[in-house]
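# could you work out the structure for the sequence below:
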Amino acid sequence: MGYTYVDLILRGKFSRNIRALVDTGSAYVVIDSKSISEVGLPETPFEVELTPADKRKVKARLFLGEAEAEGRKGPVFVARLDVPTPILGTYALKTLGLKPNPITGKLEVVGPEGGYLL
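Predicted structure coming up:
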């Protein structure tokens, strides 16, 4: 078993290709301030408290964007945090109908694009 990475297109006013680590322990897409500015993501009025692997508590502003991976796209919340590697979290995975396969290191389709509505 290993890490799963995905080539992601993140869209705001502009588009940018991003190589992200799939992290099922993370809720959001997480990228740095520079990338958020380059893509031109609109800021929401929300701030969240996140807990990185080192267990500290950090506050991060939320932005809204569109993510595309494996030919599937949908809206995602993006947290602004200066991380060494961009992160693709579970909310985006669910929206895209994807899950990581830790054996193959690839994403698999598990649901409809856009998520379920019950």
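# I36 should be in a helix, yeah?
Yes. Using DSSP: H, G, I helix; E, B strand; the rest coil, the assignment for I36 is a helix.
# give me the number of residues near it?
By other C-beta atoms under 10 Å, the residues close to I36 number 22. C-beta coordinates here come from the backbone N, C-alpha and C atoms, glycine included.
# repeat for the one 3 residues further on
V39 is flanked by 21 other residues according to other C-beta under 10 Å.
# for the residue nearest in space to the middle of the chain, which residues make a bridge with it?
The residue lying closest to the centre of the chain (C-alpha atoms, centre = their mean) is V29, at 2.3 Å. For V29, the beta-bridge assignment (DSSP bridges) gives partners V78.
# let me see the contact set for it.
When contacts are counted by C-beta atoms under 8 Å, 6 or more residues apart in numbering, V29 touches 8, 10, 20, 65, 67, 76-79, 86-89, 91-92.
# residue contacts, the residue lying closest to E70 once chain neighbours are set aside?
For E70, ignoring the flanking residues on the chain, the nearest one in space by C-beta to C-beta, 6 or more residues apart in numbering is L107 at 5.4 Å. Residues counted as contacts of L107 (C-beta under 8 Å, 6+ apart) are T4, V6, V22, A69, E70, L93, L98, K99, P100, N101.
# please list the members of those residues that lie in helices.
Mapping the contacts of L107 onto helices (DSSP state H) picks out L93.
# now for the contacts of L107: which two are most distant?
Spatially, the most separated pair among those is A69 and N101, at 13.8 Å (C-beta to C-beta).
# who's more crowded, those two?
Ranked by neighbour count (other C-beta under 10 Å), A69 and N101 place A69 first, with 21 against 14.
# quick check: bridge partners of that one?
On the basis of DSSP bridges, A69 is bridged to R72.
# right, and it touches L10 too?
No. Using C-beta atoms under 8 Å as the test, A69 is too far from L10 to be in contact (9.8 Å).
# give the residues shared as contacts by those two.
Shared contacts of A69 and L10 (C-beta under 8 Å, 6+ apart): none.
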